[in-house]
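Visitor: Have a look at this fold, sequence not included:
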């Protein structure tokens, strides 16, 4: 089974030398643009049975514990559109895109593929929001908290979009390093998140290898 592990930074994939199993690691760089370019280039050149995006994320949902690993099953970019004197108009409001144009469903990128693995069944399924700028002000926290999302990343939507356009099965896995709040109030648990992320992905790769 050929597996591509996708991470924004090398820090988020320290485990990569501990398992092989036909696994390649791609470091894209941080953000939507770098992720979209790097991943598209890789998938144009090579074919994979599964792509797994891993990394840390912030959580709007206080029911998710710091350090917890989650399965992001939907994602979108909220800020694509235009401002109109304090009012935000989405691409759909502007008739520049259709909400159900592939790979979107009602404006959302969804990833509900039926992966029947025990490691995955142990994870919470959550909704993601991808932003170009990491949220760090109370006004932004208040605004995005109303969108019924659980976690925030800077690459998730780009990863799902490219994988689905390339018809490559994928998973978006994140470990929670912090709650989304004002930057001065933020408590970071990066080491814990990375430790739990590593434990999960190694167990998952073992499970994939045994079941191949």
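Guide: Right, received. Where do you want to start? Computed from a predicted model, the values in this text were never measured in an experiment. Numbering: from 1, shown residues only.

Visitor: Going by C-alpha atoms from here, please, whenever you check contacts or count neighbours.
Guide: Will do.

Visitor: Can you tell me the centre-most residue of this structure?
Guide: Nearest to the geometric centre of the chain sits residue 156, at 3.1 Å (CA atoms, centre = their mean).

Visitor: Okay, residue 38 and residue 133: tell me how far apart.
Guide: To residue 133, residue 38 is 20 Å away according to CA to CA, to the nearest Å.

Visitor: out of these two, which sits in the busier spot?
Guide: residue 38 (16 against 9; other CA atoms under 10 Å).

Visitor: List the buried residues of the host helix or strand of that one.
Guide: Take DSSP states H and E as the rule and residue 38 turns out to sit in helix 32-45. Applying a neighbour-count criterion of 16 or more other CA atoms under 10 Å, one finds 32, 34, 35, 36, 38, 39, 40, 43 buried in helix 32-45.

Visitor: Quick one: name whatever helix or strand follows that helix.
Guide: Following helix 32-45 in sequence order, the next helix or strand is strand 50-59 (DSSP H and E).

Visitor: if we look at the helix or strand harbouring residue 171, which residues are touching it?
Guide: In the assignment (DSSP H and E), residue 171 maps to strand 170-179. Strand 170-179 is contacted by residues 50-62, 64-73, 111, 156, 159-160, 163, 186-190, 192-194, 196-197 when judged by CA atoms under 8 Å, 6 or more residues apart in numbering.

Visitor: Please spell out the ChimeraX selection for the buried subset of the residues you listed.
Guide: To isolate the buried ones among those in ChimeraX, judged by 16+ other CA under 10 Å, type:
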select :50,51,52,53,54,55,56,57,58,59,60,64,66,67,68,69,70,71,72,73,111,156,159,160,163,189,190,192,193,194,196,197
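
Visitor: What about the contacts of strand 170-179, which are in strands?
Guide: Taking DSSP state E, the ones among the contacts of strand 170-179 that sit in strands are 50-59, 69-73.

Visitor: Identify the farthest-apart pair in those residues.
Guide: 50 and 59 (25.6 Å; CA to CA).

Visitor: For the helix ranked longest in the chain, the averaged confidence score.
Guide: Counting residues, the longest helix in the chain under DSSP state H turns out to be helix 190-210. Mean per-residue pLDDT for helix 190-210: 90.

Visitor: in that helix, what's buried?
Guide: For helix 190-210, by 16+ other CA under 10 Å, it's 190, 192, 193, 194, 196, 197, 198, 200, 201, 204, 205, 206.

Visitor: Check stretch 4-24 too.
Guide: For stretch 4-24, burial by neighbour count (16+ other CA under 10 Å) applies to 4, 5, 6, 7, 8, 10, 12, 13, 15, 16, 23.
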